[in-house]
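> Build me a model from this:
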Amino acid sequence: MWIPIVLIVIFTLNTTAAIVTVFKQPRDIAATWAWLLVLLLLPVIGFLIYSIFGRKLATNKMHQIQTQQRLGIDQLVVAQQASMAAGELLPASVTTPGLPELVTTLLKADGALLSEHNQITVLSQYQDFVDRLLADVANAAHHIHVQAYIFEPDETGLRLREQLIIKAQAGVRVRVMYDALGSHRITQKFWAPLREAGGEVEAFVASKLSRANLRMNFRNHRKIIVIDGQIGYVGGFDLGQRRHKLVIQRDTQLRLVGSAVMSLQAQFFMDWNATAKVQKVHFQPAYFAASEAPGNALMQIVSGGPDQSIEAIKLGYLRMIALAKESIWMQTPYFVPDDSLLDAISIAAQSGIDVRLMVPTTSNQPTMSRATRYYLNQLVEHGGHVFMYDEGFLHAKSMVVDGRFVATGTANLDIRSFKLNFEVAAFIYDRHAAAEFRQLFITDMQGAHPYTPKDVAKQTNWSRFWQGISRLLAPIL
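Residues are numbered from 1 along each chain as shown. Next up is the predicted model:
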């Protein structure tokens, strides 16, 4: 008779603990139900999974990130909002329909400054990015700021570290910030020579256990590099290649010269000040030197993260999709959208807009791949055109709308990028840049095959079952 009683007690305690754990901190309803499902169906094991994936940042740490001074940027945002309301912010020569609304949306959601006269170089191959970056670092004269999710101790990582050491010894101010989980193969011994040369190195929101920190969420996935306040890099390439079969060669990185570099610099400093224990950074004109770029591209740098009350990057995507009249072309490693984004894309496809989505055939995340396949099925059934990239792990993240608007950066089209990680994206309003991104998509199609309604129909019930299970976990993946 005691066995049923024990089971009832265990069930009651597990259920009570699950409810208390999930509701202890505010979450959206989808994530709440997903975590309840995990904790209730997997007693004990579910709490272990929660400790790795579900714990949120400490309240004091989140407050520290939210309240960083924006180094004079806030005042500029207020001024731009006033100019936009008066119809004076955009150049008179810019008459793109819908652009004022998109710019205003991002100004209000994230304080994303509109910057003019930017020169944009799109780097789509890994070695091209590495070569260009090392050349710029070698020419640095005042400071080098590096923010990375993955910094690997491989050939690229070692070459960059040695170059940073040389510049630090020459008196250039070098700061490196990396994510402790993404760069888990990096040791303190690796950074010792750079620190000895005068460089500063910080791990973003690391715990006292440093690399032993098991929290999988709330990682800093931003990839920002600023050199002398004149040159900026932002995009998907990491600093090194991970040692697995899916080596990333195709991604997208922007090299920027122009006023947009100031926004990258401000974001780096905000993250640095939220992370650094002693060496905080205050506003200095030398870090925000005026940059005279020969380009004329308009753009906004938009940040996203769990410290925001509004998912600014996703909101920008939604606004771009709503403005579409002809085409929406997207590339992403993972496609796990929430209902609002999936509905917006599906409505566009059903209304006759040319909706194209490209994802890699092979991924490094099996559960995410199954969840992606579930949503690909939905998009195909609603009239979207899906392409599976066969020539390696496509890591590019971009959206091009009507050959007028481009969004690219570190955020994937998934819930994790919008809610759980710190991300950054560039929203570009330039037809030349849009044409270049469209051409990249067309080139990539030569190495891809279409995913059609026939492919959806051929899937086994077993495959659909696991896709459905993965989809249930989408809010917490």
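
> Settle this for me: Gln119 is touching Val257, isn't it.
Yes. Assessed by CB atoms under 8 Å, Gln119 is found in contact with Val257 at 4.4 Å. Glycine gets a C-beta too; all of them are placed from N, C-alpha and C.

> per-residue confidence averaged over the helix or strand Pro4 falls within?
Using DSSP states H and E, Pro4 falls within helix 2-23. For helix 2-23, the mean per-residue pLDDT is 63.

> before we move on, what about stretch 312-329?
Stretch 312-329 comes out at a mean pLDDT of 96.

> ok, now stretch 276-296?
With pLDDT averaged residue by residue, stretch 276-296 scores 74.

> and the longest strand seen in the chain, what does it pack onto?
Longest strand in the chain by number of residues (criterion: DSSP state E): strand 114-125. Contacts defined by 3 or more CB pairs under 8 Å, 6 or more residues apart in numbering; DSSP states H and E place strand 114-125 against helix 126-138, strand 250-257, helix 260-275, strand 297-304, helix 431-445.

> now these as CSV including distance to Leu239 and mean neighbour count?
As requested, the helices and strands packed on strand 114-125 are exported to CSV (distance: least, CB to CB, whole Å; neighbours: other CB atoms under 10 Å):
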stretch, distance to Leu239, mean neighbour count
helix 126-138, 8, 17
strand 250-257, 11, 23
helix 260-275, 15, 24
strand 297-304, 20, 26
helix 431-445, 22, 16
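
> Relative to Ser115, which of the ones you listed is closest?
helix 260-275 (4.2 Å; CB to CB).

> what's the spacing between the nearest residue to Thr332 once chain neighbours are set aside and Thr275?
In space, and not counting its chain neighbours, Thr332 is closest to Leu413: 4.2 Å by CB to CB, 6 or more residues apart in numbering. According to CB to CB, to the nearest Å, Leu413 and Thr275 sit 27 Å apart.

> With Tyr178 instead?
Tyr178 is 10 Å from Thr275, by CB to CB.

> now Lys454
From Lys454 across to Thr275, the span is 50 Å (CB to CB).

> For this protein, give me the ranges with low pLDDT.
1-2, 5-11, 13-42, 44-73, 205-217, 242-246, 278-279, 283, 290-293, 473-477 (pLDDT under 70).

> Could you chop it up by domain?
Annotated domains of the chain cover 2-55, 119-295 [automatic domain parsing].

> coming back round to it: how about the longest strand of the chain: buried residues?
Using 16 or more other CB atoms under 10 Å as the burial criterion, the residues of strand 114-125 that qualify are 114-124.

> The residue nearest to Thr332: how many residues sit nearby?
When neighbours are defined as other CB atoms under 10 Å, Leu413 has 26 of them.

> and what of the one 10 residues further on?
One way to gauge burial is a neighbour count; for Glu423, by other CB under 10 Å, it gives 27.

> Ok, Arg159 next?
Residues near Arg159, counting by other CB under 10 Å, number 16.

> CA-only coordinates of whatever helix or strand it lives in in CSV, if you can.
Using DSSP H and E, Arg159 sits within helix 155-169. C-alpha atoms of helix 155-169 as CSV (Å, rounded to 0.1, in the frame of the first residue of the first chain):
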residue,chain,number,x,y,z
GLU,A,155,44.9,29.4,-36.5
THR,A,156,42.6,32.4,-36.9
GLY,A,157,42.2,33.0,-33.2
LEU,A,158,46.0,32.7,-32.6
ARG,A,159,46.8,35.1,-35.5
LEU,A,160,44.3,37.7,-34.3
ARG,A,161,45.6,37.4,-30.7
GLU,A,162,49.2,37.9,-31.8
GLN,A,163,48.2,40.9,-33.8
LEU,A,164,46.4,42.3,-30.8
ILE,A,165,49.4,41.8,-28.7
ILE,A,166,51.6,43.6,-31.1
LYS,A,167,49.2,46.6,-31.2
ALA,A,168,48.8,46.6,-27.4
GLN,A,169,52.6,46.7,-27.0
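
> which secondary structure elements does it contact?
Against helix 155-169 (3+ CB pairs under 8 Å, 6+ apart) you get helix 126-138, strand 143-148, strand 173-179, helix 188-196.

> let's go with 10 Å and repeat that
Here helix 155-169 touches helix 126-138, strand 143-148, strand 173-179, helix 188-196, strand 200-204, going by 3 or more CB pairs under 10 Å, 6 or more residues apart in numbering; DSSP states H and E.

> Reformat these as a markdown table; add distance to Ala322.
Formatted as a markdown table, those follow (distance: least, CB to CB, whole Å):
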| stretch | distance to Ala322 |
| --- | --- |
| helix 126-138 | 32 |
| strand 143-148 | 31 |
| strand 173-179 | 33 |
| helix 188-196 | 45 |
| strand 200-204 | 34 |
